[in-house]
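Enquirer: here is a sequence with its predicted model. Questions after.
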Amino acid sequence: MYDLIVIGAGPGGYEAAFDAAERGMKTCLIEKDALGGTCLNRGCIPTKSLLHASSLYRAACEGERFGVLAENVSYDLQKIQERKNEVVGRLRTGIEGRAKKLKVEVRYGTGSIRDASHVVLRTAEGEEVLETARILIATGSVPAVPPIPGSTLPGVYTSDTLLSETKEIGRLTVIGGGVIGAEFACFYRDLGKEVTVIEALPQMLNGADRELSLSLKQLFTKRGISVHLSSLVSAIEEGSAGTLQVRFSEKEEEKTLETDAVLLAVGRRCFTEGLFEEGFSVKTERGRILVDENNETSVPSVYAIGDVTGGIMLAHAAAAEGQNAVAAMCGDPVRPDLSLVPSCIYTEPEIAFVGLSLAAAKECGIDADSKKALMGANGRTVIAEGERGFVRIVFEKESGRILGAQLMCERASDMVGELTEAIRLGVTVRELSRVIHPHPTFAEAIQEALKS
């Protein structure tokens, strides 16, 4: 008899299990594959490992402008992958060690819910029925595959399959200009490959501030990445000599692009296959599990968190929701603030944003304004010869209270935490401007923006 069974060991699942165990709950964590889920094994960590390697290669190739001369610079894709796997393995070992220390029982297999107090665990050895007081669903998501003819041809990848590819790809076409597509585009372009991005919407990074999206497109164009917006792919076909032909329409003009590989990066879908036994279900909508403010489903004592609920599909959001659910189970009023989830994109420079954009604030009827600093005047950016970028802070005019922030600069992913906290605490522009930032740093741009 368990106090809690967690199905899915991604960041949301394992953090919830650890939190529950620290609160004295007897906890079982079920995982069908490997601890860490998509984020550690097929997402956040491995992609950033690849991007780190490709940025080092590009820096070495461009070192002459800094007085660093390197000859015959090359890369080894196999070794890049081995390094990525080493990073993933080291972090997975850390999760395993923490589970052992907290006495969380980790069971490998697939878990399906028979009713609100029983989970069926299926392994190669057979099946076992586990009894529990509560269930937490953290089964995550999988890459969405659009119904494009030819999407199953050899050479057509999802982010899962391309992530471990060691074959050289000279020309890559990315279908989808969101976060996943943008990061893979950067990786392959850093390695000197020909990259094309085809996006159906009128801007990249749907949901992000328009200026961030426009700046990223301009940066991609400068780096030689071809970007086609408002473009619909109609088919992927076999070409000659092992190539692929991508047919798409742009501004009512039919076009054909020859490429060596295609990445389908049109988003992810909630994963619930095989989760519920016959006769049991929770309320869903378009494939996502519906939850309340406690992350509890329509069935009492059954909770759901992370990607499977169809919200913000980010590892840190799932982890916070897991903490929220466990706190609710224990009657703890101290919860994470789920209304403020920062988003980060690991292009170069990085992109990060949190809270409201100026346009969103005005759509909400808020009399808002913004302050902005361009990174071209930032000392660290000049030293590093960083790309164009900015820091913008959105605030309410009357009170000066900070409502949101958008950053496109080096270390944006590290800087956005300060602004998230400022928004959460209701800090005003005047109050934050009193904070002294060290010089020279990228973070000085926050101070400069507040003075503008």
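Expert: Received it, and whenever you're ready, just let me know what you need.

Enquirer: which stretches in the stretch 1-150 of the chain count as helices?
Expert: 11-22, 37-42, 44-61, 77-101 (DSSP state H, counting those that start in this stretch).

Enquirer: and Glu183, helix, strand or coil?
Expert: helix (DSSP: H, G, I helix; E, B strand; the rest coil).

Enquirer: picking up where we left off before, just the helices of the stretch 1-150 of the chain: most buried one?
Expert: When those are scored by mean count of other CB atoms under 10 Å, the highest mean neighbour count falls to helix 11-22 (a mean of 26). Yep, even glycine has a C-beta here, placed from its N, CA and C like the rest.

Enquirer: contacts for that one, please.
Expert: Helix 11-22 is contacted by residues 3-4, 6-7, 9, 27, 29, 31, 35-37, 39-40, 95, 98-99, 102-104, 136, 138, 140, 305-306, 315-316, 318-319, 321-323, 325-327, 329 when judged by CB atoms under 8 Å, 6 or more residues apart in numbering.

Enquirer: so of the residues you listed, which ones are in strands?
Expert: Within those, residues falling in strands by DSSP state E are 4, 6-7, 27, 29, 31, 136.

Enquirer: and those as JSON lines, adding neighbour count and distance to Tyr14?
Expert: Rendered in JSON lines, the data for the ones in strands among the contacts of helix 11-22 read as follows (neighbours: other CB atoms under 10 Å; distance: CB to CB, whole Å):
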{"residue": "Leu4", "neighbour count": "26", "distance to Tyr14": "12"}
{"residue": "Val6", "neighbour count": "35", "distance to Tyr14": "8"}
{"residue": "Ile7", "neighbour count": "24", "distance to Tyr14": "12"}
{"residue": "Thr27", "neighbour count": "28", "distance to Tyr14": "10"}
{"residue": "Leu29", "neighbour count": "28", "distance to Tyr14": "6"}
{"residue": "Glu31", "neighbour count": "22", "distance to Tyr14": "8"}
{"residue": "Leu136", "neighbour count": "31", "distance to Tyr14": "11"}
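
Enquirer: domain-wise, how is this protein divided?
Expert: According to automatic domain parsing, the chain is divided into the following domains: 4-143+269-329, 156-266, 349-451.

Enquirer: could I get these in JSON lines, plus columns for mean pLDDT and distance to Leu338?
Expert: Shown next, in JSON lines, are these (pLDDT from 0 to 100; distance: least, CB to CB, whole Å):
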{"stretch": "domain 4-143+269-329", "mean pLDDT": "97", "distance to Leu338": "6"}
{"stretch": "domain 156-266", "mean pLDDT": "96", "distance to Leu338": "17"}
{"stretch": "domain 349-451", "mean pLDDT": "97", "distance to Leu338": "11"}
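
Enquirer: spatially, what comes nearest to Ala124 if we skip its sequence neighbours?
Expert: Nearest residue to Ala124, sequence neighbours excluded (CB to CB, 6 or more residues apart in numbering): Gly109, at 7.9 Å.

Enquirer: whoops, Pro440 was the one
Expert: Per CB to CB, 6+ apart, closest to Pro440 is Gly379, 3.6 Å.

Enquirer: count of neighbours near the one you found?
Expert: Neighbour count for Gly379, taken as other CB atoms under 10 Å: 13.

Enquirer: so it sits against His437, correct?
Expert: No. Assessed by CB atoms under 8 Å, Gly379 is found out of contact with His437, at 11.5 Å.

Enquirer: which neighbours do the two have in common?
Expert: Glu444.

Enquirer: center of this structure - which residue?
Expert: Leu314 (4.8 Å; CA atoms, centre = their mean).

Enquirer: now do the same contact list for it.
Expert: 341, 343.

Enquirer: check Glu199 too.
Expert: The contact partners of Glu199, taken as CB under 8 Å, 6+ apart, are 176-177, 181, 227-231.

Enquirer: from Ala325, how far off is it?
Expert: 35 Å (CB to CB, to the nearest Å).

Enquirer: now do Gly94
Expert: 23 Å.

Enquirer: how about the helices in the stretch 201-350 of the chain?
Expert: 210-222, 315-329.
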